[in-house]
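1. when you get a sec, could you give me coordinates for this:
(one chain, ligands or ions: 1)
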Amino acid sequence: MLLRLTDRGLWCELADVYIDPWAPVDRAVITHAHADHLRWGHGHYLVTEAGVEVSRQRLGSYASRVESVPYGRVTTINGVQISLHPAGHILGSARLRGEYRGEVWAVSGDYKTDADSTCAPWEPVRCHTFITECTFGLPIYRWPSQQQVFAEINAWWRENADAGRTSMLYGYALGKAQRLLSGLDESIGPILTHGAVETMTALYRQAGVRMPHTTYATVDQREPAWSRAIVVAPPSADGTTWVRRFGKPAAAFASGWMQVRGARRRRGVDRGFTLSDHVDWPQLQSAIAATGAERVWATHGFTGPVVRWLREQGYDADAVETRFEGERDDTAVDEASVEPGS
Ligand SMILES: [Zn+2]
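-> Predicted coordinates:
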């Protein structure tokens with residue numbers, strides 16, 4: 001087998017590289033910069049060129065250990081050809097392709113196949129064995145179109161602005177926040193950001209992604225125009241004094257979990273918008289079919305139902321236990337992991 005699961009993560013023994021390892025290793029290939037995939041403590045990191053700045057930002061003092069390759073460029077280590085291909089998840093996100101003597105493996109990382117102007121679109125990679133995430137691997141998960149979700153968000157914002165109430169829109173600081181920003185209608189009012197969102201948004205702009213004009217809402221500045229504003233903030237800001245400075249804002253959360261009844265209430269927000277950076281059930285099915293794989297390993301999420309469905313379709317399928325978390329309805333993947341000693 002070209003890849004196998006160890007207690008440090010997915011390992012390619014021949015090339016001695018780990019993919020998104022969760023314990024310190026010498027050489028790590030990283031699919032994207034969310035904290036459950038990009039962790040502290042590795043000797044060397046290989047990421048995509050598009051994702052290099054967001055990765056360095058997340059790694060802080062480990063930033064100098066990060067090297068990058070353009071999408072599609074093959075690196076050969078001990079006869080194993082490794083390349084990274086767009087996963088459509090967030091800026092710089094990749095699926096890994098590994099080939100040895102004609103046998104091809106692909107690791108999805110996190111991915112989606114629907115529209116998103118803030119990152120390179122998902123590209124199918126043909127392979128014999130495909131390791132796929134299953135965060136939303138149940139038939140109930142079917143995303144509305146991005147266009148429809150953006151229209152709902154802008155209508156909600158306009159309604160709040162007309163009522164003189166600030167709109168507080170929560171989404172992960174890396175990826176989700178920028179996708180939300182890309183859909184906002186600037187004619188409604190000013191767009192403000194939390195510091196964590198502003199930092200990442202600046203890196204998106206630097207990478208050539210079109211973003212609307214945003215203003216970083218600092219602690220000591222307060223303006224009357226804020227009642228017409230929408231504020232984009234990470235879920236971890238909820239309940240902080242920073243949020244309370246906006247009076248009693250109308251609050252909404254954007255996540256795939258918002259499709260399920262009860263999720264919005266649990267988060268204690270007024271509105272939930274169904275917007276995810278992961279494949280829904282139909283996308284998962286078509287993405288797997290597009291790989292042409294015979295063997296599929298299902299990981300993080302609803303692995304049981306996905307494996308059952310795959311076996312019914314004639315795939316050689318198994319669940320593999322990793323420590324990736326995908327999208328959660330709390331703040332987990334939004335926060336960079338804690339640097340050792342800090
Ligand atoms: Zn992710």
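2. residues contacting E99?
-> 80-81, 105 (Cβ atoms under 8 Å, 6 or more residues apart in numbering). Every C-beta, even on glycine, is put in place using the N, C-alpha and C of the backbone.
3. meant to ask about Y204, not that
-> Counting by Cβ under 8 Å, 6+ apart, Y204 makes contact with 91, 118, 178, 211.
4. the third one and the ion, how far apart?
-> Shown here: Q178 relative to the ion, a distance of 13 Å by Cβ to the ion, to the nearest Å.
5. residues contacting that residue?
-> Each residue near Q178 by Cβ under 8 Å, 6+ apart is listed here: 90-91, 118, 200-201, 204, 209, 211.
6. which one of the residues you listed is nearest the ion?
-> Of all the contacts of Q178, the ion sits closest to I90, with 6.4 Å by Cβ to the ion.
7. ok, the closest one touching C119?
-> Yes: taking contacts as Cβ atoms under 8 Å, I90 lies within contact range of C119: 5.7 Å.
8. neighbour-wise, which of these two wins?
-> I90 (28 against 25; other Cβ atoms under 10 Å).
9. name the element the more buried one belongs to?
-> Of the helices and strands defined by DSSP states H and E, none includes I90.
10. also W297?
-> Secondary structure (DSSP H and E) places W297 in strand 295-301.
11. list of residues touching that strand?
-> 128-137, 288, 306-307, 310, 315-322, 324-326.
12. just the buried residues from these, in PyMOL please.
-> The following PyMOL line selects those of these that are buried, judged by 16 or more other Cβ atoms under 10 Å:
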select buried, resi 128+129+130+131+132+133+134+135+136+137+288+306+307+310+315+317+319+322+324+325+326
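13. just checking, which of the contacts of strand 295-301 belong to strands?
-> Judged by DSSP state E, strands contain the following of those: 129-134, 316-319.
14. turn the residues you listed into CSV, including distance to the ion.
-> Shown next, in CSV, are these (distance: Cβ to the ion, whole Å):
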residue, distance to the ion
T129, 21
F130, 18
I131, 15
T132, 13
E133, 8
C134, 13
D316, 26
A317, 23
D318, 22
A319, 19
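15. looking at those, which one is closest to V232?
-> E133 (25.2 Å; Cβ to Cβ).
16. measure that closest one to V296 for me?
-> 11 Å (Cβ to Cβ, to the nearest Å).
17. still on that earlier bit, so which of the contacts of Q178 sit within strands?
-> Short answer: the contacts of Q178 have none in strands (DSSP E).
18. appreciated, that's everything.
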